[in-house]
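*Asks:* everything below, folded, please.
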Amino acid sequence: MKILVISDTHIPHRAKELPEKVMEELNRVDMVVHAGDFTSFNFYLELRALSPSLKAVRGNMDDSDIYDTLPEKLIFEVDGFKIGLTHGFGSPFGIEKRVIKLFDSEDIDLLIFGHTHRPLDKTINGLHLFNPGSPTDRIFTIRRSYGLIEIENGKLTSKIIYL
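*Replies:* Residues are numbered from 1 along each chain as shown. Just a heads-up that it's a prediction; the model follows:
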């Protein structure tokens, strides 16, 4: 199972479309996960059409149609791994503690979030945290990025891809 992880796409406000490299990747994966801040309901619909297995949450910059359609947080399972998904909120400083707290009572293996536009791939107290950064915007970071997660033979691996 190969999963494309994106967040903070801000389409069409920060970019007209996803970068070509991300679109190529989208055609090679089994699932797409978006951690919020689509900003446009039309882009959400386009992405869902391209990837019917899309898992997504709303972000703080999303329009009201997305806010009414998508949850703040989501828990789903992929090949035996329980995954938590949220956008995140507040200052980038301390965001890890805040997103972990949202899933305090849940027994998850991986927590995917966005909001900061800064990629992150680390483990805290046995919980794998993953933020793909933003493939379209460099605010708060030097480079644009996205993530890939692969689950094979009971093992989960993740990596950040820089654009």
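*Asks:* what ranges does the chain have for its helices?
*Replies:* Assigned by DSSP state H, the chain shows helices spanning 20-26, 41-50, 64-69, 95-102.
*Asks:* now tabulate these in CSV and tack on mean pLDDT.
*Replies:* Converted to CSV, the helices of the chain look like this (pLDDT from 0 to 100):
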stretch, mean pLDDT
helix 20-26, 95
helix 41-50, 95
helix 64-69, 95
helix 95-102, 93
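*Asks:* just the terminal-to-terminal distance for stretch 66-74.
*Replies:* End-to-end distance of stretch 66-74 (C-alpha to C-alpha, to the nearest Å): 14 Å.
*Asks:* show me the contacts for the residue sitting nearest the centre point of the chain.
*Replies:* Nearest to the mean C-alpha position of the chain, by C-alpha atoms, centre = their mean, lies residue 35 at 3.2 Å. By C-beta atoms under 8 Å, 6 or more residues apart in numbering, the contact set of residue 35 is 5-8, 56-57, 59, 85-88, 112-115, 131-132. Yep, even glycine has a C-beta here, placed from its N, CA and C like the rest.
*Asks:* cool, residue 144 as well?
*Replies:* By C-beta under 8 Å, 6+ apart, the residues touching residue 144 are 19, 133-138, 162-163.
*Asks:* which of those lies closest to residue 42?
*Replies:* Distance to residue 42, by C-beta to C-beta, is smallest for residue 136 among the contacts of residue 144, at 15.2 Å.
*Asks:* counting neighbours, what do you get for the spatially closest residue to residue 41 that is not a sequence neighbour?
*Replies:* Among residues not flanking residue 41 along the chain, residue 65 sits closest, at 3.9 Å (C-beta to C-beta, 6 or more residues apart in numbering). Residue 65: 15 surrounding residues under other C-beta atoms under 10 Å.
*Asks:* residue boundaries of the strands in the protein?
*Replies:* With DSSP state E as the criterion, the chain has strands at 2-6, 31-34, 55-56, 73-78, 81-86, 110-112, 120-124, 127-131, 145-152, 155-162.
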